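Asker: predicted model and sequence follow; I will ask about them next.
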Amino acid sequence: MTGAETAQVVLRLDRITKRFGKLTANDAVSLDLHRGEVVALLGENGAGKTTLMNILFGQYTADEGRVEVMGRALPPGNPRAALEAGVGMVHQHFTLADNLTVLDNVTLGTEPLWRWRSDRSGARAKITKLAADFHLSVDPDAKVGSLTVGERQRVEILKALYREARILILDEPTAVLTPQEADDLFATLREAVAMGLSIVFISHKLHEVMDIAHRVVILRHGKVVAGMATADTDRHALAAAMVGSDVSAPKVNPGTPGAPLLNLRDVTTPDRGNAPGLQSVTLALRAGRITGLAGVSGNGQAALAELIGGLTAPETGQIALDTADVTGWTPRIAVEHGIARIPEDRHKTGTIADFTLTENAILESYHKPPMSRTGWMNWARAEAETKAIIDGYDVRCPGPEARIRLLSGGNMQKLILGRVLEAAPRIILANQPVRGLDIGAVNYVHEQLLKARDRGAAVLLISEDLDEIMALSDVIHVMSEGRLSPEFARGTMTPAALGVWMAGHGFDEGVSHAS
Amino acid sequence: MRLEPIANPSLARSTLPPALAIAATVVISSLLAMLAGANPFGVLGLILKGAAGSQFAVLETLNRATPLIFTGLAVAVAFRARLWNIGAEAQLYAGALLTVVLGTGALPWSAGALLPVLVLTSMLAGAVVLLVPALLKVRFGVDEVVTTLLFNFIFLLFISLLLEGPLKDPMGMGWPKSERLIAEARLPRIVEGLRLHWGFGLALIAAGLVWIVERRTTLGYEMRAVGLNREAARFAGIPVNMVLIKTALLSGGLAALAGFSEVAGLKGSLTLDLSPGFGYTGIIVAMLALLNPLGVVAAALFVAGIFVGADSMSRAVGVPTYLADIMLATALLLMVLAILLTRFRVVRE
């Protein structure tokens, strides 16, 4: 912003260094935030963004350097000090109590625990005023459990504002929002800035950063590698600075669709907790085509992934494969029918952390020749196979006998890719395949998916990242509350149009349209 | 202070803490012996002598280690798959029960035919005893810690009922005790003239077999996968419930062999004091061994040595044998801490 240099510095991180053993997570990182300014903190996973914010909030103590708020040094290692100095944080994962009202959630922790009367009307008035000032429309008496994700995020922001925060820190705030909700959020943030608040916006989505931030600070391997005004740069330059080299995403040619390999006919699965199950979903995965599934997280994508992955069977409706009628539906049967499954959480479901690379590589194939015969493992064969995966998929690791927990997320994902793609699968279920990966690994995973498609595999790509969906998919479906939209061909939809479906509109017409 | 995982622990890092744990156990036990009014070096010396100081002492220790190897293996196998079998005591008595039911004359066969049948039937009995809690767990999600633990008491009362009733030895002068096994049902001694029976040999064979199962078979791989990460195992297609059932059968069978070996090798009949808590001590053995089947043998020898040595020491100088329990408890707690330190380093914030 013009004149930012002359405005008051509200937050100063001064040469913060933090080491974990041999790893230097933050290396002399300095950052100034001025009054009324939005600074985007940009960097790949593992670049040190989260460590830096944890130091600011007193969860970690820096080895060197200091934190100043409004010109006064914060005592290290004291989370309360940051709050009292007027710093508010909106976490990626909300910290709200579902069974309490918005009002209770916002005031929680601001009043003494034991008191005869609490000043609820005063609190209500303050919240109503804040909500009006910042365009944070939300009903103070609604139970948080009944709110949408976007509304919950507004409650989190209200919470910070209610505590008189002058500095807001938002950690990947748009990851869970529809494009429209993200626009609303940005409107709120602009309002806040106009009122003199300052914002640190942590993200790796370049277009958002260009949209909302005045300045960008780029972290790489714990160091500040660049700082610039957004007005003086563009997305391409930011991406290059982030990864340290000029990277280009794989070129995507349209696929040539063939016969349907997997059909879901009118499938319904039961709800699980807050997550909706599938509601009469009909879907065909065709050979040689990437089907993208967009949607806000928690709208039934997990249910669809579990269904196709063999973890749940339909309650009503049918799964049909072109090869065979499916009777009994387990993960092993799914794999045997040529379904490659890249799970959403590679740490918890994709791999076993304390198993070696070899043991992880054979998780889906250990029970049959050549990996084992009549119950006896053939470890030599398993290790040879693992070495082939390590070479073929460029898994950087100490060796096949190393525990997989030592690997970075990207290398872990490459091993999983190798595990499922080596079997030349006919159907690929990729659930958030690049979440948390650096750009190099993202491109690698995308190339592999495209390669598999071009040799005739049917790919289902589930992602919360619309850019990813729109770049790779030959057709796109949107999922909302367990319902599946009709399919949209490549290039026929804009993010805004998809956002309308993501918000749950259009489905009633959609059902009649599909039938 | 925080714990930071160590990626590649050095040799010193993986051996020093356990060694220090043992040293600290010795020091703490010595202090307690001093409190009891004895010369600590004398007490430790007597324990060592009582455990390994003579041929008799060594054989006594090996005999005492035998049931502990079986129950230790049973616990190690189950814990490996995160099936919390606290019921080795009941499974032990199930094995002993089948041994006296079939070994007191019901099957008038030669030893070569009878002993294998006794081994298999007692294993089956122990397996069935653990199968019930395992089925309750996979079917209804009933916590197996509770069911296996409580089943120990139920089963001991059941044995008591049998020993007062149908199994009571008519020649037993009214004691709650079964008839004696026929000669063909007794485990022979390994070396004629030495008081060590083939139960010990069987225990070593069992440890070797379990080690092979864990390393070389698909079942062992499945058990480890299910134990380390049940969600990932299920996702990959491993039939988790089936693995837990198989693990339960194996674990129950191993624990039952402790009962078989005590009755057929040592006691010759079933009484209610057949096991002074071998099933529970098996948990300590398995934990000290880090669930490694070969380590179970070493840990069982260590634990048995302390018990046998403390008995002998107590007779000599009058320090109570409770010292053995305290030594074991100290050793276990320090060893758990030491194991933590082999994998994590403490970082001062």
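Answerer: That came in fine, so what should we check first?
Asker: ranges for the helices of the stretch 1-150 of chain B?
Answerer: Under the criterion DSSP state H, counting those that start in this stretch, the stretch 1-150 of chain B contains helices at B:11-35, B:40-52, B:55-80, B:88-103, B:111-140, B:144-164.
Asker: so what pLDDT did residue B:10 get?
Answerer: pLDDT for residue B:10: 77.
Asker: from chain A, how far off is it?
Answerer: Relative to chain A, residue B:10 is positioned 14 Å away (C-beta to the nearest C-beta, to the nearest Å). In short, each C-beta sits where N, CA and C put it, glycine included.
Asker: now do the SS call for residue A:459.
Answerer: For residue A:459, the secondary structure call by DSSP: H, G, I helix; E, B strand; the rest coil comes out as strand.
Asker: was I right to think it contacts residue A:451?
Answerer: No: Residue A:459 lies out of contact with residue A:451 (C-beta atoms under 8 Å); the separation is 10.4 Å.
Asker: do you know which of the helices of the stretch 1-150 of chain B lies nearest residue B:322?
Answerer: Residue B:322 sits nearest to helix B:11-35 of all the helices of the stretch 1-150 of chain B, at 9.1 Å, using C-beta to C-beta.
Asker: buried residues in that closest one?
Answerer: B:17-18, B:21, B:25-26, B:29-30, B:32-33 (16 or more other C-beta atoms under 10 Å in any protein chain shown).
Asker: please convert those to TSV, extending it with distance to residue A:506.
Answerer: Formatted as TSV, those follow (distance: C-beta to C-beta, whole Å):
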residue	distance to residue A:506
B:17	63
B:18	65
B:21	66
B:25	71
B:26	76
B:29	76
B:30	79
B:32	77
B:33	81
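Asker: which pair of the residues you listed spans the longest distance?
Answerer: Among those, B:17 and B:33 lie farthest apart (C-beta to C-beta), at 24.4 Å.
Asker: next, count neighbours for residue A:234.
Answerer: 10 (other C-beta atoms under 10 Å in any protein chain shown).
Asker: for it, which non-adjacent residue is spatially closest?
Answerer: residue A:210 (7.5 Å; C-beta to C-beta, 6 or more residues apart in numbering or on different chains).
Asker: contacting residues for the one you found?
Answerer: By C-beta atoms under 8 Å, 6 or more residues apart in numbering or on different chains, the residues touching residue A:210 are A:230, A:234-235, A:238.
Asker: give me every residue that touches the residue of the stretch 51-200 of chain B at minimum distance from chain A.
Answerer: Nearest residue of the stretch 51-200 of chain B to chain A, counting by C-beta to the nearest C-beta: residue B:80, 12.0 Å away. By C-beta under 8 Å, 6+ apart, the residues touching residue B:80 are B:214, B:223-224, B:227, B:247, B:291.
Asker: and these, which two are furthest apart?
Answerer: Every pair of the contacts of residue B:80 checked by C-beta to C-beta; the farthest is B:247 and B:291, at 12.3 Å.
Asker: more neighbours: which of those two?
Answerer: Ranked by neighbour count (other C-beta under 10 Å), residue B:247 and residue B:291 place residue B:247 first, with 25 against 20.
Asker: any idea how far the residue nearest to the more buried one when sequence neighbours are not counted lies from residue B:42?
Answerer: Distance criterion C-beta to C-beta, 6+ apart; nearest residue to residue B:247, sequence neighbours excluded, is residue B:81 at 4.3 Å. Going from residue B:81 to residue B:42 by C-beta to C-beta, to the nearest Å gives 45 Å.
Asker: and if you look at residue A:154?
Answerer: The value you get for residue A:154 to residue B:42, if C-beta to C-beta is used, is 75 Å.
Asker: more neighbours: the two, which one.
Answerer: Ranked by neighbour count (other C-beta under 10 Å), residue A:154 and residue B:42 place residue A:154 first, with 23 against 15.
Asker: neighbours around whatever residue of the stretch 101-250 of chain A ends up closest to chain B, how many?
Answerer: Distances between the stretch 101-250 of chain A and chain B by C-beta to the nearest C-beta are smallest at residue A:222, namely 17.0 Å. Burial of residue A:222 is recorded as 24 neighbouring residues (other C-beta under 10 Å).
Asker: am I right that it is in contact with residue A:47?
Answerer: Yes: proximity of residue A:222 to residue A:47 meets the contact threshold set by C-beta under 8 Å, at 6.9 Å.
Asker: for the residue nearest to residue B:247, what are its contacts?
Answerer: Applying C-beta under 8 Å, 6+ apart, the residues contacting residue B:81 are B:223-224, B:226-227, B:243-244, B:247.
Asker: the residue of the stretch 351-500 of chain A found nearest chain B: what's it in contact with?
Answerer: Nearest residue of the stretch 351-500 of chain A to chain B (C-beta to the nearest C-beta) works out as residue A:363 at 3.8 Å. With contact set as C-beta under 8 Å, 6+ apart, residue A:363 has these partners: A:351-352, A:419, B:225, B:232-233, B:236-238.
Asker: over to it. Which of the three states is it?
Answerer: coil.
Asker: just residue A:354 next, same as before
Answerer: Quick answer, by three-state DSSP: residue A:354 is coil.
Asker: and it, what does it touch?
Answerer: Residue A:354 sits in contact with A:403, A:405, B:228-229, where contact means C-beta under 8 Å, 6+ apart.
Asker: now secondary structure, distance to residue A:479 and pLDDT too, for those, in CSV please.
Answerer: Formatted as CSV, the contacts of residue A:354 follow (DSSP: H, G, I helix; E, B strand; the rest coil; distance: C-beta to C-beta, whole Å; pLDDT from 0 to 100):
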residue, secondary structure, distance to residue A:479, pLDDT
A:403, strand, 36, 90
A:405, helix, 32, 86
B:228, helix, 33, 96
B:229, coil, 28, 96
